[in-house]
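Enquirer: generate a structure from the sequence data that follows.
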Amino acid sequence: MNNEYSWIEFYEDFANKLLSYKNRQSELFEIIKGLSEEQPLMNYLHFEREDWWAPRDYRIDPFSVMGIFNRGLTDSNRKYLAGILADTFHIDHPTPSEFTGIPLLNNMNSFFGGTDELWTLFIEAIKAADSNSITDEFKSAFNDAIAVTGNGLAYITMSLFWIRPNSFMTLDNNSRDYITKEIGIKVPSFKCSGQDYVDFLSELNNKIKSLSPSLTFPEVSHIAWSKKKQSLNGEDKKPVEKKKESKMVISDKNLILYGPPGTGKTYNSVYYAVAIIEEKSISEVLLEDYENVFKRYLKYKEEGLIEFTTFHQSFSYEEFIEGIRPVLNSNEMAELEGEIMYEIHDGVFKKFCDNAGTPIESGKNSDLGFRKNPTVWKVSLEGTGNNPTRTECIENDHIRIGWDNYGESITDSTDFTQEGGINVLNAFYNRMQLGDIVFSCYSSRTIDAIGVVTGEPEWHDEYPKYKRLRKVKWLVKGISEDIVEDNAGKTMTLSAVYKLSVSVTNAIKILKRIRPELFTKSIKIPNRVFIIDEINRGNISKIFGELITLIEPTKRLGAIEQQTAKLPYSEQDFGVPDNVYLIGTMNSADRSIAMIDTALRRRFNFIEMIPDADILRDVIVESIDISQVLSTMNKRITVLLDRDHTIGHSYFLPLKTGPTIDTLSKIFKHNIIPLLQEYFFDDYEKIQLVVGDNQKQDPSTCFIIKKTDNQKLFGDTINDVPEYYVINEEAFMRIDSYAYF
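Expert: Alright, predicted model coming up:
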């Protein structure tokens, strides 16, 4: 075992020190709380929040303590925190100098759930590892810990790996992928039990010993991590391997891009969306020119494959899923003109999901003829059962309706009070579009044909009745399909034409089941991407409602554990299609981020977007290196506050094409200083430290100036007037003002 794995002794010793607190858990809590008050990098623990710590009886579990230096931090910060904890707990082994191959907690979800369950697992795991004997008590503790909301297989196994890395294998994404593809061992599912995990460890240990007798679990984790890094950096030149890694990159159904302001979260969501739709690796798409990628993004958006929305404080379930809204004559079966009616209105996400099953061919609508977002209509051909009109329509590829007495032309002056039909005719002439789907109603429950609208309304005087006609292409006919369940449990009414509650996805399912040959290899159901900008700004529990369960990959339509929920307004059974991907963006500097719903954290994978000073390399304004300016500012902010409130590189991008003092001045004056004022709550002494004013000898080069004008303002009557700070406008245009970064 070489120096790359010298961390093992430190981690095991640290776990032993924590074990000594098993009967002094409140004491451990006070120690960690005290450290957090001194260390900005531990602010995420939020010891000030009673709603987090009161239910835990002011105790902290040992895995969360080890997680303090096993999060998505820089190695220098991880080493710093590990050193602080080593001093506190008197650990003899040296602090690790590197952390390669050690799995990390997600910065946005750095807690475990169930203090009692985790302490029991911690104790039983160390006992089992040190005695080299897996007990029933360990298996039971594993089952209890993994069942607690917020834990899960990846977090539980990586925490066991931390405390005894030679005995327990981590099952984070990197290791799972490597073990499955390279070692050839089946990895336990996410519903893994303690017995399943123990059996897996035994099989894995036997397999790696047969491959290489000296190979250890830490080395397997390190190799898995290294291969993932090589793939993302483009170092893996084997096409087959690249393809495997590509699929892994875009396989997550729910992603959140998070980071400080100006790090390109919304910008990068374009790359991710295009990569998902085109089924390419994100690294491959990132190599392309943004302008070309954005053109394709707009094209996919126009085709309905991408939807974009922004959450805000007023955004509601009714806007996202479904609600009720007042309209005039909205109900197709109503005939009372001018009466206020109420209709069920699909929200933006439900509408997107309902259309997610629409097939395409070569990037366009397929030759099935569907439009981008088709509506499903019920059409009665004369009446129910067999009749001459039905037979003629099915044979000649069209639909026909009546109200012949109104004549060929329907105008605003047409009097509908005698015979009615205003809503049916409005639907037939105005609301029904080319590419919509029609169900031919045979009885109150069944349909006998499904078609797609191919023609505009026509008048055919050669028919004795039912003279209003629209051409359709019948995709299936001569069937007897009960659609009540797909129609939100409702039977069909007597009205000749109206919109059904059947989703496009369900209509496609019926077609695929009855006539699968319609869907050739060239016709496919594409991936679709729903982007939610500023996802943390909305009330997540209120907006998502029952959907918070349905978005889980294992609960999607078509998955083994697929689930649907009956929606409250339409009473329709609704599920999230498997080809719908969710991408959220989240500003880590936003104060609302700490309140993000725990259920949302568990169901999304988080990808951090960090400031990238290298993008500004070689950007020089007179003598000032802008890359150095950004890097130095962010180091200062990290020390004074935290890394979540650093400054993104995008603020400085205008300097790449116009590296002038005028542009730099405007960036600092209108972006950087206001952002720092928000970050530090107008604590100007800290702002001065960030921008280097404390090091300047010439006050005229300071961006922030301290003033005392009590004599001028109040005369001799008041002496004890506090100092105040002002922005020095002239400093922004002086190049020597930027010399202290």
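Enquirer: the helices in the stretch 301-450 of the chain, which residues?
Expert: Secondary structure of the stretch 301-450 of the chain by DSSP state H, counting those that start in this stretch: the helices cover 317-320, 348-354, 388-396, 422-426.
Enquirer: of the ones you listed, which is nearest residue 113?
Expert: Closest approach to residue 113 among the helices of the stretch 301-450 of the chain is made by helix 317-320 (26.2 Å; Cβ to Cβ). Glycine gets a C-beta too; all of them are placed from N, C-alpha and C.
Enquirer: from the contact counts, what lies against that closest one?
Expert: helix 348-354, helix 540-544 (3 or more Cβ pairs under 8 Å, 6 or more residues apart in numbering; DSSP states H and E).
Enquirer: go with 10 Å
Expert: If you count contacts as 3 or more Cβ pairs under 10 Å, 6 or more residues apart in numbering; DSSP states H and E, helix 317-320 packs onto strand 322-328, helix 348-354, helix 540-544.
Enquirer: that one - what's its average pLDDT?
Expert: Mean per-residue pLDDT for helix 317-320: 93.
Enquirer: again, but for stretch 477-488
Expert: On average, stretch 477-488 scores 90.
Enquirer: give the buried residues for that stretch.
Expert: The neighbour-count check on stretch 477-488 (16 or more other Cβ atoms under 10 Å) flags 477, 481, 483, 486-488 as buried.
Enquirer: now stretch 388-400
Expert: 389-390, 393-394, 398-400.
Enquirer: neighbours around residue 647, how many?
Expert: Residue 647 has 24 neighbouring residues, counting by other Cβ atoms under 10 Å.
Enquirer: actually residue 59, not the one I typed
Expert: 15.
Enquirer: so who does the nearest residue to it once chain neighbours are set aside touch?
Expert: Distance criterion Cβ to Cβ, 6 or more residues apart in numbering; nearest residue to residue 59, sequence neighbours excluded, is residue 25 at 4.3 Å. Contacts for residue 25 (Cβ atoms under 10 Å, 6 or more residues apart in numbering) come out as 56-62, 115-116, 119.
Enquirer: kindly recompute the last result at 8 Å.
Expert: Residues in contact with residue 25 (Cβ atoms under 8 Å, 6 or more residues apart in numbering) are 59-60, 115, 119.
Enquirer: separation between it and residue 194?
Expert: Distance, residue 25 to residue 194, using Cβ to Cβ, to the nearest Å: 23 Å.
Enquirer: tell me how this protein divides into domains.
Expert: 3-232, 357-524, 613-738 (automatic domain parsing).
Enquirer: now render those domains as CSV, adding distance to residue 326.
Expert: Formatted as CSV, the domains of the chain follow (distance: least, Cβ to Cβ, whole Å):
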stretch, distance to residue 326
domain 3-232, 39
domain 357-524, 16
domain 613-738, 41
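Enquirer: of all those, which one is nearest residue 276?
Expert: Taking Cβ to Cβ, domain 357-524 is the member of the domains of the chain nearest to residue 276, at 14.2 Å.
Enquirer: closest to the centroid, which residue in this protein?
Expert: residue 255 (3.1 Å; Cα atoms, centre = their mean).
Enquirer: ok, then the element right after whatever helix or strand it lives in?
Expert: Following DSSP states H and E, one finds residue 255 within strand 254-259. Downstream of strand 254-259, the first helix or strand assigned by DSSP H and E is helix 265-278.
Enquirer: average pLDDT for that next one?
Expert: Per-residue scores along helix 265-278 average to 93.
Enquirer: what's the answer for stretch 525-532, then?
Expert: 92.
Enquirer: then that stretch to PDB, C-alphas only?
Expert: Extracted in PDB, the C-alpha atoms of stretch 525-532 (Å, rounded to 0.1, in the frame of the first residue of the first chain):
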ATOM      1  CA  ILE A 525     -39.900   8.600 -28.800                       C
ATOM      2  CA  PRO A 526     -37.200  11.300 -28.100                       C
ATOM      3  CA  ASN A 527     -35.800  12.400 -24.800                       C
ATOM      4  CA  ARG A 528     -37.400  15.600 -23.600                       C
ATOM      5  CA  VAL A 529     -36.000  18.200 -21.100                       C
ATOM      6  CA  PHE A 530     -37.900  20.400 -18.700                       C
ATOM      7  CA  ILE A 531     -35.700  23.200 -17.300                       C
ATOM      8  CA  ILE A 532     -36.600  25.000 -14.100                       C
END
